[in-house]
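Participant: Model the following, please.
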Amino acid sequence: MATERPPTWLAIFAHPDDEAFRAGGTLALLARRGVRVCLLTATRGEAGACGDPPLCTRDQLPALREAELRCACRALGIRPPRLLDYRDGTLAKVDEEEAVAQVTAAIRRLRPQVLLTWPPDGLSGHPDHAAVSRWTALAFERASAWGPNAPAALYHLAVPRSVAQALGMTHLHATPDEEITLSVDVGEVWGQKMAAIRCHRTQAGASPILAAPPERQRLFLGMEHFVRAATREPERGPVSIALGEDAR
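Facilitator: Residues are numbered from 1 along each chain as shown. The predicted structure is shown next:
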């Protein structure tokens, strides 16, 4: 007798800490509800900050950021991360066919129903984010030929335009509010999300929102927003089913 396929999400990001800020609460909620939440991270974040004051040397940073990533996954209650071992800051220049093949192989191995990644513009315009978004879209397209083993949906992180305007975040490529597919209140797992963010100690100084008043932190971090970029299911997708939400 065939065993039932476990509900699985695969989040695919560029750097350690990508998983925590914009999707950490949703990942933690899914894990609480029995979803197998997996994470694929393309780099060890070696081009990032070493902390202020520095917590390590530049040579030590990749290992420390990997340790921070593993700490964040434990805080969120999700599976340990898988790393692709690309160099931070180079993803727009790597062999795209090789990268897409690696992402496709991870999808084949893990058999997720849902993929989650950055939007095509990387949200902030970061070329590493945009590259990972492109790899994931191409891998989703390739996997669509696998029949029942294919992912059912691809979702992108998003920040609604109203939130970006309220916070003065003009550097973000915000999404018109009416184009948001799903908004998730992560208040139930706020402690887990903030614990995951605090795991990324080297990057704390690079995140001004962490020094903002609590109400601004809640506005930016307390709701997580997504756009359904592709789906094989015309009605309610697996994201909305798993979260108990009605996706538009």
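
Participant: where does W118 land on pLDDT?
Facilitator: Model confidence at W118, given as pLDDT, is 98.

Participant: Quick check: the gap between it and H156.
Facilitator: The gap separating W118 from H156 is 7 Å, by CB to CB, to the nearest Å. In short, each C-beta sits where N, CA and C put it, glycine included.

Participant: For the two, list the residues in contact with both.
Facilitator: Counting by CB atoms under 8 Å, 6 or more residues apart in numbering, the contacts common to W118 and H156 are S133.

Participant: Could you grab the helix/strand/coil label for V94?
Facilitator: Classification of V94 by DSSP: H, G, I helix; E, B strand; the rest coil places it in coil.

Participant: quick one: W9 is in a strand?
Facilitator: Yes: counting by three-state DSSP, W9 is found in a strand.

Participant: and it, what is it in contact with?
Facilitator: Counted by CB under 8 Å, 6+ apart, W9 has contacts L27, L30, V35, R36, V37, C38, P112, Q113, V114, L115, L116, A242.

Participant: Which member of those residues is positioned nearest E224?
Facilitator: Using CB to CB, L27 comes nearest to E224 of those, at 9.2 Å.

Participant: Can you point out the buried residues in the helix or strand hosting the closest one?
Facilitator: Using DSSP states H and E, L27 sits in helix 24-32. Neighbour counts over helix 24-32 (16 or more other CB atoms under 10 Å) mark G24, G25, T26, L27, A28, L29, L30, A31 as buried.

Participant: between those residues, which is closest to A206?
Facilitator: Using CB to CB, the buried residues of helix 24-32 come closest to A206 at G24, 16.6 Å.

Participant: excluding its backbone neighbours, what's nearest the closest one?
Facilitator: Closest residue to G24 apart from its sequence neighbours, by CB to CB, 6 or more residues apart in numbering: K193 at 4.4 Å.

Participant: Would you mind giving the secondary structure of E98?
Facilitator: helix.

Participant: ok, now the one 3 residues further on?
Facilitator: Classification of A101 into helix, strand or coil gives helix, according to three-state DSSP.

Participant: how much space between it and L138?
Facilitator: A101 is 10 Å from L138, by CB to CB.

Participant: cool, and C50?
Facilitator: According to CB to CB, C50 stands 34 Å off from L138.

Participant: With R111 instead?
Facilitator: Noted for R111: a distance of 18 Å to L138, by CB to CB.

Participant: Likewise for P208?
Facilitator: In terms of CB to CB, P208 sits 34 Å off from L138.

Participant: list the contacts for L91?
Facilitator: Here L91 is in contact with A14, A42, T43, A99, P127, D128, A131, V132 (CB under 8 Å, 6+ apart).

Participant: What strand or helix carries it?
Facilitator: Going by DSSP H and E, L91 is not in any helix or strand.

Participant: Just want the phi and psi numbers for it.
Facilitator: phi -70, psi -30 (degrees, to the nearest 10).
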